[in-house]
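In: no letters, just coordinates:
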């Protein structure tokens with residue numbers, strides 16, 4: 001039987017009913033270069049602790065599902081980088097059986113968070129329907145997981161390299177609530193502005209917690225996407241980032257990059273074309289999401 005292993009910190013939090021925030025690990029192995037990935041992972045955990053909650057970075061280490069990583073385990077993933085398998089729902093059986101390391105995606109993190117009884121999860125941005133997805137059917141497993149797994153995902157919206165409009169349509173079809181935190185628009189990762197208006201705006205954390213409780217206590221299974229815009233001071237101009245993404249997409253097309261390889265390629269190319277500005281924005285939005293998630297976990301635990 002495969003059991004989840006908890007870090008001492010998370011085990012303590014669970015035993016004493018403390019608020020816990022799930023954190024993904026793909027951002028460590030595939031989201032940033034070393035050592036910035038390791039430094040950011042430590043920073044994100046520190047932000048959660050400073051706010052009063054307990055961080056639970058989730059990954060697979062030697063085939064063991066881990067909820068809560070030690071600093072050494074974070075370093076292992078950070079140094080190994082893209083050689084670590086990205087783990088979504090379809091990958092879990094292989095990585096567990098073959099006793100590999102695995103970095104959990106949004107979907108993979110949601111699965112283990114729910115199994116661990118953790119309701120609140122902070123990430124950077126979720127996956128979605130890729131551009132031209134109506135023809136390629138390249139749709140992130142994150143969306144299906146949101147429809148089936150009862151975890152609230154705090155993110156800076158949908159990664160702006162994707163088709164935001166189609167992603168919102170898919171989520172609506174699957175019955176996934178999308179709430180804007182202090183915004184009327186779906187955030188677009190690097191920028192606050194997307195042009196896609198949301199049906200529900202929530203301006204305080206206590207109300208968010210009440211809405212989550214109302215959903216799950218009424219037996220409405222499935223997740224919630226909470227869009228938390230990057231702080232204005234760190235937001236990139238929409239016209240600038242749109243132009244750069246278009247350039248990166250052309251290059252990906254020429255190189256025939258597709259599937260699960262396209263997102264890390266595009267993020268790296270955008271970082272190169274922005275001379276590091278997009279990476280700095282990425283870090284700030286993750287920290288901002290972790291802070292909101294920690295506050296929300298504390299209100300939800302009341």
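Out: On my side now, so go ahead. Please read these numbers as outputs of a predicted model, since none were measured by experiment. Residues are numbered from 1 along each chain as shown.
In: in this structure, which spans are helices?
Out: Secondary structure of the chain, counting by DSSP state H: helices at 8-15, 26-29, 36-51, 71-80, 92-97, 106-115, 133-136, 141-148, 164-173, 205-217, 238-255, 262-273, 277-300.
In: got the angle between the last one and helix 205-217?
Out: Orientation note: helix 277-300 sits at an angle of 70 degrees relative to helix 205-217 (axes from the mean of the first three to the mean of the last three Cα atoms, to 10 degrees).
In: what's the angle between helix 277-300 and helix 238-255?
Out: Interaxial angle of helix 277-300 relative to helix 238-255 (the same axes, to 10 degrees): 110 degrees.
In: list the buried residues in helix 277-300.
Out: By neighbour count, and taking 16 or more other Cβ atoms under 10 Å as the criterion, the buried residues in helix 277-300 are 277-279, 281-300. Quick note: C-beta positions are derived from backbone N, CA and C, even for glycine.
In: could you do the first one as well?
Out: Using 16+ other Cβ under 10 Å as the burial criterion, the residues of helix 8-15 that qualify are 9, 10, 13, 14.
In: for the most centrally placed residue in the chain, phi and psi?
Out: The central residue of the chain, meaning the one whose C-alpha is nearest the mean C-alpha position (Cα atoms, centre = their mean), is residue 123 at 2.8 Å. Torsion angles at residue 123 (phi, psi; degrees, to the nearest 10) stand at phi -140, psi -170.
In: isn't it right up against residue 157?
Out: No - using Cβ atoms under 8 Å, residue 123 and residue 157 do not qualify as a contacting pair, with a distance of 10.8 Å.
In: residue 18 - how many residues pack around it?
Out: The burial metric for residue 18, expressed as a neighbour count using other Cβ atoms under 10 Å, is 16.
In: right, and it touches residue 12 too?
Out: Yes - checked against Cβ under 8 Å, the pair residue 18 and residue 12 is within contact range at 7.4 Å.
In: joint contacts of those two?
Out: Common contact partners of residue 18 and residue 12 (Cβ atoms under 8 Å, 6 or more residues apart in numbering): residue 54.
In: and for the closest residue to residue 11 other than its chain neighbours, the neighbour number?
Out: If the residues on either side of it in the chain are set aside, residue 11 comes closest to residue 68, at 7.6 Å by Cβ to Cβ, 6 or more residues apart in numbering. Burial of residue 68 is recorded as 27 neighbouring residues (other Cβ under 10 Å).
In: can you name the residues that contact residue 68?
Out: With contact set as Cβ under 8 Å, 6+ apart, residue 68 has these partners: 6, 7, 8, 9, 10, 11, 55, 56, 57, 58.
In: one more pass at 10 Å, please.
Out: Taking Cβ atoms under 10 Å, 6 or more residues apart in numbering as the definition of contact, the neighbours of residue 68 are 4-14, 20, 22-23, 45, 54-59, 116.
In: same check, this time on residue 155
Out: For residue 155, the residues meeting the contact criterion (Cβ under 10 Å, 6+ apart) are 106, 121-126, 142, 187, 189, 225-228, 285-286, 289, 292-293.
In: brilliant, that's me finished.
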